[in-house]
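# mind looking at a prediction? Sequence and model below.
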Amino acid sequence: MTDTVLPSARYVVKGILEDLATSIDGLPAEALNWKPGGEETNTITVLVTHVLHSTRSWLAVAVGAPLPQRDRDSEFRVRAGDPRELGGFMKDFSMQCRDLLENATDLDWSVSRKTHARPGNAPEEVPAAFALMHAIEHLREHVAHISLTRQIWEARNSAPTNAD
Amino acid sequence: MPTDHVLASARKLVSDSLTELRAAVDGLPAEALNWRPSPDTNSMAILVTHTMHSTRLWLTLAMALPLPDRDRDSEFLATEDDPAALIRLVDDYTADCLAALQSADAMDWNAMRQTQGRGGDAQPEVPAAYALIHATEHLRGHVDQATLTRSLWEAR
């Protein structure tokens, strides 16, 4: 019988990655490095970098591919210079994420798989099903955050100033 | 614990997201509920109302349960002046969502399900797997927006 979990995941991930591309398209470096709620919030650059590294890693866990190298802490220190660099990174990692799902076949979602290093007391192994669903919901989480951050940035920068 | 790992994963992730959504609403004053970070964004009342209705619908669809009534457009007109009422909405719908996920120990994720009231060129039928994945990720996205909206309210 055909496994509809994998094609459903492919479809949903493709849609979210398209939303991500739309959410950063045309933004200047100033917007990419802006924190909407002060130091406690993340910039769009940090969110894009973190979520794509994380998604690639979790999808690799889900489909049983070799785990890519990852330095999680550094993802939260990154700043945008040229917006085209962030766009290039996004396209490259989006393709890698989609390829992981496209190249996977005949998966057993109950198999336990070793994850990348995680903070706290998170288990070292998870079922493939969990890795897949977490990859997708975590991707959506940050893309929704980026989308809202962009909306607020655009409103803030189109509002009339008191100096007029 | 079900041996269906897709279902077990959804239970864990949906439960965690709903707990976070409640935390994002809990303790907010009435004036925060209809406040928007910018004019074209959604208020906490809208985010919560839409998210809970949508999640309940997609989970019942995934689990092959009778579909609840839903008026999607009205969710985006929601206003709320009573913080306790919004918490009750979260709690009541959370109970429904978790009960839906507990209604079986395993599902055929390949089974097709008829959707309800989706506009545009959306498919009239989707695999149960799609309904479950979409319910989980859609919920997570709006929970994050609710959390950010609260942060922005508190930092305004």
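Done, it's in.
# going forward, measure contacts between C-alpha atoms and count neighbours the same way
OK.
# please look at residue A:151 and residue B:37 and confirm they touch.
No. Under the criterion of C-alpha atoms under 8 Å, residue A:151 lies out of contact with residue B:37, with a separation of 9.0 Å.
# these two: which is more packed in?
residue B:37 (23 against 17; other C-alpha atoms under 10 Å in any protein chain shown).
# element containing residue 90, please.
Unless you meant another one, I'm taking chain A. Using DSSP states H and E, residue A:90 maps to helix A:83-102.
# oops, chain B please
Element membership of residue B:90, judged by DSSP H and E, is helix B:83-101.
# please see if that helix touches chain A.
No. Interface with chain A: helix B:83-101 contributes nothing (C-alpha under 8 Å from any C-alpha of the partner chain), its closest point being 15.0 Å away.
# so what touches that helix?
Here helix B:83-101 makes contact (C-alpha atoms under 8 Å, 6 or more residues apart in numbering or on different chains) with B:7, B:10-11, B:14-15, B:18, B:21-22, B:25-30, B:33, B:45, B:48-49, B:52-53, B:55-56, B:59-60, B:63, B:65, B:80.
# which non-adjacent residue is nearest the residue nearest in space to the middle of chain A?
Within chain A, the residue whose C-alpha comes closest to the C-alpha centroid is residue A:51; the distance, by C-alpha atoms, centre = their mean, is 2.6 Å. Computed as C-alpha to C-alpha, 6 or more residues apart in numbering or on different chains, the closest residue to residue A:51 that is not its neighbour in sequence is residue A:139, at 5.9 Å.
# quick one, the one helix or strand the one you found maps to and helix A:83-102 angle?
Per DSSP H and E: residue A:139 is located in helix A:128-158. For the pair helix A:128-158 and helix A:83-102, the angle between their directions (axes from the mean of the first three to the mean of the last three C-alpha atoms, to 10 degrees) equals 160 degrees.
# for the top helix by length along chain B, name the packing helices and strands.
For chain B, the longest helix by residue count, based on DSSP state H, is helix B:128-155. Other elements packing on helix B:128-155 under the criterion 3 or more C-alpha pairs under 8 Å, 6 or more residues apart in numbering or on different chains; DSSP states H and E are helix A:5-24, strand A:36-39, helix A:128-158, helix B:5-25, helix B:44-62.
# pick the most deeply packed of the ones you listed.
helix B:44-62 (a mean of 24; mean count of other C-alpha atoms under 10 Å in any protein chain shown).
# follow-up on the earlier one: I'd like the helices and strands packed on helix B:128-155 as CSV, with distance to residue A:61 and mean pLDDT appended.
Written out in CSV, the entries for the helices and strands packed on helix B:128-155 read as follows (distance: least, C-alpha to C-alpha, whole Å; pLDDT from 0 to 100):
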stretch, distance to residue A:61, mean pLDDT
helix A:5-24, 14, 98
strand A:36-39, 32, 86
helix A:128-158, 6, 96
helix B:5-25, 14, 98
helix B:44-62, 25, 98
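# for these, give me TSV that also has distance to residue A:105.
What follows is those, written out as TSV (distance: least, C-alpha to C-alpha, whole Å):
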stretch	distance to residue A:105
helix A:5-24	8
strand A:36-39	41
helix A:128-158	13
helix B:5-25	17
helix B:44-62	23
